[in-house]
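**Student:** Quick one, what's the 3D model for this:
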Amino acid sequence: MTTPNPKHPDRQLISIVIPVFNEESQIAATLSELEQATFDQAVELIVADGGSTDRTVELVSGFKSVQIVNCQQANRGWQMNEGAAAANGETLLFLHADVALPANALPSIGQSLLDESVVGGCFQIRFPADATASLRTVAWGINLRTRLFKTATGDQAIFVRRSVFDDIGGYETFPLMEDIALFNAMKRRGKVVVLDGQVEISPRRWLQFGVWRTVLLMYLLRFGYWLGVHPAMLKRFFIDVR
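**Tutor:** Down below sits the predicted model:
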């Protein structure tokens, strides 16, 4: 049953869940863009805070259209599950605080879900317009991998039908790889789609630690996960940047 929306009763409600922890440098700009982009859409915005110690919650509180969910721990999987539990939408869109949706994101999602065999999907990526050639190459490689193998990570704005998310049991509360685990579980439930639109992601991790060093680390972590190394062990080598 489609969740009714008081402003747009003819449209299915999409819940955008944003997990945050100490994101004062990014969250205000992200929410401002989302409020403008979704003004005429059937959307609710939910920020799931993992106990930020900076001004993140204060900044989010300034946005009256945004619901804040205070979580017990800074664990992205846990936070997104808590945000989803507070959501009313039949479609869940999980968005990182430093990722910007393309202009046609919500109509594209709605159109893709008209096919009842589709359980969810993701977007391709791009870096900001002033990105270096090496970053553009990284984005090209990620997009190629995504299209060929139907894989996605959390910064690709994963979306999923609420019924499928609940059936899967939500995100694993791993300290890492929870996004890959969810997308793999989605593929076992039905068809996933890779939309043509590109989300704009922050290059901050690549710029701080070096583009190719970061790429190598990411693929080593994925390979370790594929081999069966527990994400808690892999987390020790992850680059966490805010």
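**Student:** Helices of the protein, residue ranges please.
**Tutor:** 27-37, 56-61, 76-86, 105-112, 133-149, 162-168, 178-189, 204-209, 211-227, 231-234 (DSSP state H).
**Student:** For Ile68, give the beta-bridge partners.
**Tutor:** With DSSP bridges as the criterion, Ile68 is bridged to Val47.
**Student:** circling back to that earlier point, figure out which of the helices of the chain is closest to Gln156.
**Tutor:** helix 133-149 (6.9 Å; CB to CB). Where C-beta positions appear, they are placed from N, C-alpha and C, glycine not excepted.
**Student:** Which secondary structure elements does the closest one sit against?
**Tutor:** The contact analysis (3 or more CB pairs under 8 Å, 6 or more residues apart in numbering; DSSP states H and E) places helix 133-149 against strand 118-126, strand 191-201, helix 211-227.
**Student:** Can you flag the weakest of the helices of the chain by average pLDDT?
**Tutor:** Lowest mean pLDDT of these: helix 231-234, a mean of 63.
**Student:** Now tabulate the helices of the chain in a markdown table and tack on distance to Gly120.
**Tutor:** Formatted as a markdown table, the helices of the chain follow (distance: least, CB to CB, whole Å):
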| stretch | distance to Gly120 |
| --- | --- |
| helix 27-37 | 19 |
| helix 56-61 | 26 |
| helix 76-86 | 13 |
| helix 105-112 | 9 |
| helix 133-149 | 14 |
| helix 162-168 | 6 |
| helix 178-189 | 5 |
| helix 204-209 | 25 |
| helix 211-227 | 20 |
| helix 231-234 | 21 |
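**Student:** Nearest to Leu95 among those would be which one?
**Tutor:** When those are compared by CB to CB, helix 27-37 sits nearest Leu95, at 7.8 Å.
**Student:** still on that earlier bit, export the helices and strands packed on helix 133-149 to a markdown table and append columns for mean neighbour count and distance to Thr137.
**Tutor:** A markdown table is the format used below for these (neighbours: other CB atoms under 10 Å; distance: least, CB to CB, whole Å):
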| stretch | mean neighbour count | distance to Thr137 |
| --- | --- | --- |
| strand 118-126 | 24 | 12 |
| strand 191-201 | 19 | 15 |
| helix 211-227 | 14 | 8 |
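**Student:** Compare these and give me the one nearest Gly141.
**Tutor:** helix 211-227 (8.0 Å).
**Student:** How far off centre is that closest one?
**Tutor:** Distance of helix 211-227 from its chain centroid, counting by CA atoms, centre = their mean, to the nearest Å, is 19 Å.
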